[in-house]
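Undergrad: sharing a model prediction with you, sequence too.
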Amino acid sequence: MHRLDENDIIPFVVWIYMSTLLPAQSRDWAINDHREVSRMNKYEALFILKPNMEEEKRTEAIEKFKSIIASNGEVLNVDEWGNRKLAYEINKTKEGYYVLVDFKAAADLPTELERNFRISDAVMRFMVTRKEA
């Protein structure tokens, strides 16, 4: 049988004492076992596609953006508003195909999604906003 001496007990006592001095947020390292937990925020993305696109290409573009979201998050709702008149002309175009996507994701996903919106020739305008909880 192993007999406990002061070398075995001192680190444990110091750990307990230090954890009581720290605020609750700082003590999470002891409780969470050093695992990082990423918080999922709610977002919505509204993007406008070119109105003269074929339906097949339009569906392909929407699915591409949905798959980007699904890779690091969760798509909650996709609402296709269809062709609508723009508030102002964009490149001599008066209409656009509006798509609204609600999703949950980590904080770094919106920047990746915006990067893909900028690259895509099909997207005329876009806006990604974080929803309040």
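TA: Great, that's in hand.
Undergrad: show the secondary-structure elements that the longest strand that the chain contains is packed against.
TA: With DSSP state E applied, the strand covering the greatest number of residues in the chain is identified as strand 73-90. Using 3 or more C-beta pairs under 8 Å, 6 or more residues apart in numbering; DSSP states H and E as the contact criterion, the elements in contact with strand 73-90 are strand 41-49, helix 55-72, strand 93-105. C-beta: built from backbone N, CA, C; applies to glycine.
Undergrad: what's the closest of these to residue 79?
TA: Each of the helices and strands packed on strand 73-90 was scored for nearness to residue 79 using C-beta to C-beta, and the closest is strand 93-105 (4.4 Å).
Undergrad: ok so, going back, strand partners of the longest strand of the chain, parallel vs antiparallel please.
TA: strand 93-105 (antiparallel) (DSSP bridges).
Undergrad: now the helix or strand that comes right after the strand it pairs with: buried residues?
TA: Counting by DSSP states H and E, the next helix or strand C-terminal to strand 93-105 is helix 109-119. Within helix 109-119, the residues that count as buried by 16 or more other C-beta atoms under 10 Å are 109, 110, 113, 117.
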